[in-house]
Each structure stands twice: as C-alpha cells, then as structure tokens.
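S.K.: Sequence and predicted structure are below.
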Amino acid sequence: DVKVTQSSRYLVKRTGEKVFLECVQDMDHENMFWYRQDPGLGLRLIYFSYDVKMKEKGDIPEGYSVSREKKERFSLILESASTNQTSMYLCASTTPTGGQETQYFGPGTRLLVL
Amino acid sequence: SQQGEEDPQALSIQEGENATMNCSYKTSINNLQWYRQNSGRGLVHLILIRSNEREKHSGRLRVTLDTSKKSSSLLITASRAADTASYFCATDRTGANNLFFGTGTRLTVIP
C-alpha cells in the first residue's frame, strides 16, 4: 500500500515564525502536491513537483515556498507565518503517469497560527 | 476556474438508505474522480471514471458521468454509519498535470 506521511498532525505557531511541513511518500512517486483545505473553499493547490529540485506554482502559492531535495520528500515552507495561513494542509503523491491519475494523500497537518 | 461544485453541500440520511451526490464542472476533462475524507483526515480515492465512460461501479458505489452536461453523480447504496464522511469530486484539466477539487458534500448516515 502507498503510504504518505506528514511530519505533524497538529501544529501551533506564532505569527512571523518560519514553519516547515514535511511530507514523505514510500512508493517512488515522481509527482507530489501540497494543498490547503478551508471550510467552504475545498482543496486549493499551493505547489506541486514533478521531480527532484523541480517545482511549479499552484493556484495559491503566495506566502509559501517548497523544497524537493529527495524524490520521496516534499517540504512546504511558510517563510513568515500569518494568521490567514491557519488551515489544514494536505500532501499528496501520484504514480509516474502524471497528476491525472489517483492521488494518494497524507493524513493532513492542522496548523494554527496565533 | 474549473473547480468542481458538489451538490448538496450537506446530506443527512438514515442507515440503509441510498445517498446521491452530484458534481458539476466547467471545462473539458479526461477523467473525473471521487474521493472520501473522514473528519480531520486525508482524502482517500474511491473511483475514477474516464470521459468516454458513462457509468462505473465499485461495490456499493455507482458513478455516472454526463460530459454533455458536465456533471457526475456518486450513488452510495445501502448506506452505513461508517459512510459518514465528506465526498469530493476532482477533475483534471486537459494539458495540465494536476487535479481540481470541489468543495465537497458532507454526508451523515444516522444509525
């Protein structure tokens, strides 16, 4: 079974802090994604990556950056956390056939920025 | 945007009844997927239907796709309390390599 893990289930940070959210998948998937999920807005794509050291902006990249140094790991970085970044963050990965196929999700990280 | 829109936003039924959720989208697609999310957890893939398919079954799930109306429906038959979750449709976009998710339908199955 595909396993996607996220470093934290719950996280509380203060405004202005630098925040790292880690995602690791164990199925050698080339494609990885970061979403945020907010009530009434569904899932919105922040960034995605097709390969090591490669990244593409999604629909809402502002205030975020990402890092893909190893194939299995995709990190989301909040350079200076703000209260409007309080959200549920979901990581996903897909088979090498591309993002049009099934995405496998991690359990999510619920981030609270005070 | 191409984001899918689910309807209804919330649905409450008795155990044993059927649950139907609908999804509408805006532009051409190659496939449409349905995902389930238990409260506070990640999404789990349920079923994928391609644009040249009209209906697909998987266990108690039945998905239909009408590309002329740009809509899909997910039917869960003989619902169980364990089916309580949020259900999302997701569409691809021709030429892109990511999915667009709708806002979800929150299903509550009352024992």
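M.R.: The structure has been received and is ready for your questions.
S.K.: got the buried residues for the host helix or strand of A:R36?
M.R.: According to DSSP states H and E, A:R36 maps onto strand A:31-38. The neighbour-count check on strand A:31-38 (16 or more other CB atoms under 10 Å in any protein chain shown) flags A:31-37 as buried. (C-beta placed from N, C-alpha, C; glycine too.)
S.K.: For residue 48, identify the helix or strand it belongs to.
M.R.: Assuming you mean chain A. A:F48 belongs to strand A:42-49, assigned by DSSP H and E.
S.K.: oops, I was thinking of chain B
M.R.: strand B:43-50.
S.K.: That strand: partners in the sheet, and parallel or antiparallel?
M.R.: strand B:31-37 (antiparallel) (DSSP bridges).
S.K.: Now do the strand it pairs with, average pLDDT.
M.R.: Taken as a whole, strand B:31-37 carries a mean pLDDT of 94.
S.K.: mind exporting that strand as PDB, just the C-alpha atoms?
M.R.: Extracted C-alpha coordinates of strand B:31-37, given in PDB (Å, rounded to 0.1, in the frame of the first residue of the first chain):
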ATOM      1  CA  ASN B  31     -11.400  11.900 -16.200                       C
ATOM      2  CA  LEU B  32     -13.300  12.600 -13.100                       C
ATOM      3  CA  GLN B  33     -12.600  11.100  -9.700                       C
ATOM      4  CA  TRP B  34     -14.400  10.800  -6.400                       C
ATOM      5  CA  TYR B  35     -12.600  10.900  -3.000                       C
ATOM      6  CA  ARG B  36     -13.700  10.500   0.500                       C
ATOM      7  CA  GLN B  37     -12.500  12.300   3.600                       C
END
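S.K.: how about it: buried residues?
M.R.: B:31-37.
S.K.: Can you show me the strands along chain B?
M.R.: For chain B, the strands defined by DSSP state E cover B:5-7, B:10-14, B:19-24, B:31-37, B:43-50, B:55-58, B:61-66, B:71-76, B:85-91, B:100-101, B:105-110.
S.K.: any idea which of the ones you listed scores lowest on pLDDT?
M.R.: Taking the mean pLDDT of the strands of chain B, strand B:5-7 comes last: a mean of 84.
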